[in-house]
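Trainee: Let's see this in three dimensions:
(chains A, B, C and D)
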Amino acid sequence: MIRRAALHAIPTMVGVVIVSFLMLHLMPGDAVDALAGISGGASAETVAAMRSAYGLDDPLGVQLARYAAGVFTLDFGHSISYGAPVFDVIVDRLPATLLLAATAFTIALVIGVAAGWAMAVFADRWQDRTLSAGVLFLYSAPSFWVGLMAIVVFSAKLNLFPLGGAETIGADLTGWALVADRLHHLILPASALAAFFVAIYARLTRAAMLEVLHQDFIRTARAKGLHPLRLQFRHGLRNALIPVVTMAGLHFGNLVGGAVVVETVFNWPGLGRLTMGALASRDISVLLGILLMTSVVVIAANILIDWLVARLDPRVSA
Amino acid sequence: MTVIDHPLRARPKRRPLRDPFLLLPLLVLLAVAVMAISAPWLFPGDPLDMVAMPYLWPLDDPAFPLGTDSLGRDLTAGLFHGARATLLVGISSAALCLGFGTLIGAAAGYLGGRTDLILMRVTEIFQTMPTMLLVIVLLAISDPSLTLIVVAIGLASWPMVARLARAEFITLRHRDFVLAARALGYGPFRIVFIEILPNALPTLIVATSVLIANGILIESAVSFLNLGDANTVTWGSLIGAGRTQIRTEWYLSAIPGIAIILTVLAVNFLGDRLTRILNPRLRA
Amino acid sequence: MKRRDLLAGLAGLPLTALLPRIALAAGGGGTVTAVAATETPVLLAFVNTSSTIWSAKTTEGLLEFDHDLTPRPLLAAEWDVAEDGLTYTFRLRQGVKWHDGNDFTADDVTFSLETMKRLHPRNRSTFAHITAFEAPDPHTVILRLEKPTPFLLTALSSGESPIVPKHLYAEDADPLTHPNNTAPIGTGPYVFKEWVRGSHLIFDRNPNYWDADLPRVDRLVVRFITDAAARTIAFETGDVDIGVRTPVPFRDLEGLEDLEHIVLEPQGYTYSPPNITIVEANLRDPILSDLRVRQAIAHSIDREALAKIVFYGRATPSASAVVPYHKDFHLADPSPYALDLGAAKALLAEAGHPDGVTLTLDYTSEDQRLVGEFLRASLSRAGIALELRGQDMGTLIARIYGDQAYQLHLASISNLFDPQVGVQRLYWSKNIIKGVAFSNGTGYQNPEVDALLEAAATSTDRAARIEAWHEVQRIVARDVPNFPLVAPTWLTIANTRIEGHTSGAEGAYDGSLRRLAVRA
Amino acid sequence: MTLLKIENLGVRFGDHDAVAGLDLSLAKGEAVALVGESGCGKSTTALSVMRLLPPAARLRGRVLLDGTDLLSLSEPQMRRVRGNRISMIFQEPMTSLNPVHSIGAQIVEAIRQHADIDKPAARKRALELLDMVHMPDSARRIDDFPHEFSGGQRQRVMIAMAIASRPELMIADEPTTALDATIQHQILSLLDELRRELGMGLLLISHDLSVVSRWTDRAVIMHHGQHMEELAAKDLFTSGHHPYTRGLVSASLRLDRDQHYRSSRLPEIRVTRDAGDYAFSVVRRPAPVAAVPDDGIALRTHDLTVTYKTARGPVTALDGVSVAIPKGGTLGLVGESGSGKSTLARALTQLVTATSGRIELDGQDVTHPRGAALRDLRRRVQMVFQDPYASLNPRHSVGYILETPLAVHDGLGSAERAKKVRQVLDQVGLPAAAADRMPHEFSGGQRQRIGIARALVMRPSVLICDEPVSALDVSVQATILNLLSDLKAELGFSCLFISHDLAVVQFVSDRVVVMRNARVVEENDHLSIWRRPQTDYTRGLIAAASG
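Mentor: Prediction:
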């Protein structure tokens, strides 16, 4: 199953490489301009020398071929503005974003499914209406605004949470102290990012649960005299999870995208801030690397989710 | 020889507008639309013009009910003109997504076979790339402008609609009334646009509300990251401008934030109610 | 610059309250946390002038400078400049070790200066007249020049001309991408320990630094905080001890000033004084080539209001590109075109634009955007409509200096330690080089100005240089190829628990923070 | 000894009375049937006994099980009755089992719900139950999932779950309607065998009179929630007193009655409603003089083969089928699900492309028509579909549905088209006002009439009916069959009539073809096919159909 999904993913990856490469090369100016600019007035010859050194003046086709070949050997080219291979620059920042995205994903899924389940069970009663309104509120608030307000309230005024960043720097903590410190930094950004997706998963679960509760086998289960709670969990939720988990995979891409914004607000040292930095220094190879890396993460997440769906749904051939 | 085995049932009347969850959002959206349209008359000058003392708090000075920002620009004028840009981006990006996505989804769903495979592979590519990242990169391609933002949001979010449309068309394609249409010799265009599309509309209409909300949220994030057009005011750019004074003059970011939330909430509520009206299964 | 300069340098040391405080500081050790808004590409300013901020901490130069730019010994114990200014002799400090334990020798100095002559964007012109770099013995370096360079000594600071370990640079190594850039080995007071991109930088105390009882701090941590408000909060909560070049929004300075644990240090910005915020006009543009249009623009600029509203008074209006910090070189007279909207409108009509003009104004950073919005609002009152165009640095440079396809653009030009290095590039017609950033972007060509600049560049008589620069400033003020606006006041924000961070012209930015200490 | 006594049961949804004052009693081990057409309240009655009705339902009256009134029990108390003392099985086997749990797990769940025994013992009990319901190879398949079983096998699992706690009463709501005749027969005999073995009462809900008369002791006839009549099941066909009962009996087709469309019309039930209660009358119309079918062939196929490419390799749906539709006559096509009947219909109307073989229309080869030939075929060969609810586009008005074929083919003016629409509506017995109504405003029978109108509006020479009446109630079925016969007499088109119901095929066909596994197994004229079946398969079908 995993092997089949992986094979399925390769053409998508190739597509992502080509599409993003072409898009990025539509950008006027390139990293050499930026570097020359930053270093304050390199001469025309040195600019030309740098450009040819990095092969930026080869025809597009050649650059694409060289780049695609490189990608599959994990060589994403050299980052001009960071003076290091792009792969290292990204892998350096990837864990932070993964940690943020994965935590937000779990929070969103757990709370979302619970809320969705409650909304479905109490459909159209006051619990459903209030929960729906609350969920819709989360669905309408821009994540960066939620982040900003959280900082103002929790960090600056109440001083409950750190201002940003992923760890207390230079404090050389170890063991549990380190874990506690990292968690302490993680809570606000992860919740700000998760807020929007709690809404999505809650609405998905509600629709799926209602759909399932109208199925015939629920009536059979009631005819067997099962307790309502057992009915809702073992039969209802167990079936409703299948569409929810499938859709969760589709939204994972947006989650990683959303992380970009939340990172800038919370000073989180992840790919988001790297993107903004790479944009400012017009470092196309880093931007390309980020697009590819995040796409790989999304594909990996989807493969994992497909595997999970196969576990949940026996009808899907394992 | 008329034989009626059972009289025609009377048509049930539907009274949607009395349902508060539909009336309220409509009113909010109406208010925002009025703000957008009336902006040039109520606030003729350039909303970015410096007209007063900087850092006036809301209700300090009746002439500037919502106060002024660091350069003494009137926040109320900004909000009104911002409404215009925000709505424009929200609606046109939704329209772009809907048109493009439905076309691809319908073709893939209806034609099936190789076309379906190829189109779905393309959709997958755009769906794999995180939306926000894709928008940021697209915006970096040329000078920021509202049209570029709309195109970028459209390009990044059409896969969602394509997936929805394809699912609808695949189920509807096998329905008897489509087989009947083919058996009656209707052409492919008539079958797709006149027979199938009206049945797929409920899902697409509901998706529109999500797209508009999505468009507004992405636009506000983009302006917040200062990737937007510096010459036009949007609610997102107001939040971005107020960001550095978040601790002292927090109203500069809070008020446009609330405006965005109210509008998007209204759009979502509308979508939510439409879903429940059009899809009876979602009721108890 | 004879031996007496040496003595004058020493005498010049201001006997301010600084000295006794160093002597008294007992104890030592501890960690100091600095804050920075952005992350530089590399940590060494050897061939990349945008990474000066952390370079001196690990890699020192030959000289150090006190507040009025008088050179003081650092890696060079003594130095002597010949009468005709064509021979410079340096006697190097003995017993200095590189962080990796190798000995610091004259070969390192000649290698470093020679490489910078080839690749360093500014030193390429500063060292242009040096013909020979000699190292007769391991502790002597002699430079031979074909033409005098009056400001050569001032260029040999740690920030401007860092001395790198020759033994690390293999024959064909490309200094631009050399690993030493991101993990520098130097002779400086601090040793590079760790750099987590997007998060922080850590330097540890150099145990065998040549100045035995320095540095007094065990660890120097640098935190990268992109959000401006977050930086203010970091100072308030004491999370962060020091930040250079006004690291917080101007709006928050008032609040910080009142806190008793915070001090705002204005000194330490004479070596590389604050940049001049300036609007440059593209003289090749049909509208802007007409002097009357440029005069109209000059008439509608209100520098005082800009300083007050955008910079909250924390900036000095300056009608000249030479910032007021260069007390002698700066021409104090106001711009010949005083604020007069009526005159501006009249000039525009005269120039054939009765109903005003629309011009594009390109900018790149967030602070420039605020200035742009101020200019748009104020210039619109004179019928000049500005259309702001924001973009990243790369696109801006490609558009302004590459394609030269622009009308007006906002820039922040650093004067550096001598107008010859920082300001000449704006007006010198030979510096109109397509594709090179921060060259003569306006395309201004005035033979009289060229002559004055070239004379000042090589004359050894300081008074003559000053008079020449005053005449240049009078001419360009009339021709207005560009519109200097203000020079922001740069402040070092520091927590009172630390001291010794600003001990000379280079301050905490260009300097090595070697005298930094945590108060007992 | 009465096991179950229902006294004056009433069920009201808002202002609609689904069941109005029903009385019924069922003795221990007795099998009673609740019979009626859809919407008569038989299922509602069953669900109210089990108290499985949606919360909106208002119940009154009493339901006594061994003297205890189930309606007054609290929900926890009722839960102890469900599946323990009374159990229920339902109509749709494909969706009545939880797809994500194995059948073993679901049976064990039923066992352990009312008996506290550990899992291994429950699993052993489950195996016994599977053997009791004759599940083939139960030991190996206990851990398989529902989607790996056929409809009949899933119904067996349902029954196993129902008898897990040896209930006193089992309610079966249309247990075999969705199954093929042969499988239907096995399930009903299994139910009968279990009833005797476990001494269990059976309440069978059905609309099929022959099933009721064959498998139950007593039958209660219901209409619109009211009790019409109660009589012994075996005299159902012979001595029903109530006009509705007699109407139902005469309208429902039985194989041994030899009714044929050329000789007679089916009696129809006329329902008139005045002041609350219903008056029924049976109308018998004479069959018009039948035109003698001349011996030409309208549509013929030679070795027609259709193979589909599926995920698990190619599947042959039609294997060398040669059939001939007599000009002006009706060819009946009978077979169980999966025999290829529908594929043949779709091949003839070019909805599916033939892999090999030839199709001839009035002598012309129309196997792979292109362009004008295809358009012409579309005019001359039309189709009527099975599911009235799915064959009409819900978003278009009836007028638009009928008008479009004319616009597409003949390009007539709008006035001309409107006239033709009114004409064809009248032909199928619908008022002209129906034109501007939407499909969802019509009953199943009315919608089928619209489907037929659409097929006939362009005067086709061949009409293909794919199970046109299987989804309809008996009374409505009769009116549609009569309508088709009248229209055929009036318009003279040839017809291919596909059905799994032998009695219906017997009534409408001049010649009959029997298909099995994509092949034709037998063909004969409409009399000799039933009297002298040549193959065992046909004989099996006839035995199962006659109950």
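
Trainee: can we go C-alpha only for contacts and neighbour counts from here?
Mentor: Fine.

Trainee: what residues does the stretch 151-300 of chain D put near chain A?
Mentor: residue D:162 (CA under 8 Å from any CA of the partner chain).

Trainee: Same check on chain D?
Mentor: So chain D meets chain A at D:50, D:52, D:78-84, D:87-90, D:92, D:95-100, D:110, D:113, D:145, D:147, D:162 (CA under 8 Å from any CA).

Trainee: Which parts of the stretch 151-300 of chain A are helices?
Mentor: Using DSSP state H, counting those that start in this stretch, the helices of the stretch 151-300 of chain A run over residues A:175-213, A:216-223, A:228-230, A:238-266, A:271-280, A:284-312.

Trainee: Turn the ones you listed into a markdown table, including distance to residue D:327 and mean pLDDT.
Mentor: Formatted as a markdown table, the entries for the helices of the stretch 151-300 of chain A read as follows, by distance: least, CA to CA, whole Å; pLDDT from 0 to 100:
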| stretch | distance to residue D:327 | mean pLDDT |
| --- | --- | --- |
| helix A:175-213 | 49 | 88 |
| helix A:216-223 | 46 | 91 |
| helix A:228-230 | 61 | 88 |
| helix A:238-266 | 52 | 86 |
| helix A:271-280 | 75 | 83 |
| helix A:284-312 | 54 | 86 |
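
Trainee: Now render the ones you listed as a markdown table, adding mean neighbour count.
Mentor: Output for those, formatted as a markdown table (neighbours: other CA atoms under 10 Å in any protein chain shown):
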| stretch | mean neighbour count |
| --- | --- |
| helix A:175-213 | 22 |
| helix A:216-223 | 21 |
| helix A:228-230 | 12 |
| helix A:238-266 | 23 |
| helix A:271-280 | 24 |
| helix A:284-312 | 21 |
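
Trainee: Just give the number of residues close to residue D:316.
Mentor: 15 (other CA atoms under 10 Å in any protein chain shown).

Trainee: and if you look at residue D:545?
Mentor: Residue D:545: 22 neighbours (other CA under 10 Å).

Trainee: How many neighbouring residues does the nearest residue to it once chain neighbours are set aside have?
Mentor: With CA to CA, 6 or more residues apart in numbering or on different chains as the criterion, residue D:545 has its nearest non-adjacent residue at 6.4 Å, and that residue is residue D:181. Applying other CA under 10 Å, we find 24 residues neighbouring residue D:181.

Trainee: Also residue B:57?
Mentor: Residue B:57 has 17 nearby residues by other CA under 10 Å.

Trainee: Kindly report the same for the one 5 residues further on.
Mentor: One way to gauge burial is a neighbour count; for residue B:62, by other CA under 10 Å, it gives 9.

Trainee: now do residue D:69
Mentor: Neighbours around residue D:69, by other CA under 10 Å: 16.

Trainee: Touching, residue D:309 and residue B:113? I think so.
Mentor: No. Judged on CA atoms under 8 Å, residue D:309 makes no contact with residue B:113 at a distance of 11.3 Å.

Trainee: Residues that sit against both of these two, list them.
Mentor: Common neighbours of residue D:309 and residue B:113, using CA atoms under 8 Å, 6 or more residues apart in numbering or on different chains, do not exist here.

Trainee: Secondary structure element holding the residue in chain C that chain A sits nearest to?
Mentor: Nearest residue of chain C to chain A: residue C:394, at 3.8 Å (CA to the nearest CA). Per DSSP states H and E, residue C:394 falls inside helix C:393-397.

Trainee: Mind listing the residues bridging to residue D:16?
Mentor: residue D:13 (DSSP bridges).

Trainee: coming back round to it: how far off centre is the helix holding residue C:394?
Mentor: Its chain's average C-alpha position is 20 Å from that of helix C:393-397, according to CA atoms, centre = their mean, to the nearest Å.

Trainee: is it anywhere near chain B?
Mentor: No. Judged by CA under 8 Å from any CA, helix C:393-397 stays clear of chain B, getting no closer than 9.1 Å.

Trainee: Cross-check the contact I'm expecting between residue C:283 and residue C:441.
Mentor: No. Counting by CA under 8 Å, residue C:283 sits too far from residue C:441 to count as a contact (9.0 Å).

Trainee: Between those two, which is the more surrounded one?
Mentor: Taking neighbours as other CA under 10 Å, residue C:283 and residue C:441 compare with residue C:441 leading, 28 against 22.

Trainee: contacting residues around the spatially closest residue to the more buried one that is not a sequence neighbour?
Mentor: Leaving aside its sequence neighbours, residue C:441 sits nearest to residue C:401 (CA to CA, 6+ apart; 6.0 Å). Going by CA under 8 Å, 6+ apart, residue C:401 touches C:433, C:434, C:435, C:436, C:437, C:438, C:439, C:441.

Trainee: Report the buried members of those.
Mentor: C:433, C:434, C:435, C:436, C:437, C:438, C:439, C:441 (16 or more other CA atoms under 10 Å in any protein chain shown).

Trainee: Among those residues, which one sits closest to residue B:247?
Mentor: residue C:438 (36.3 Å; CA to CA).
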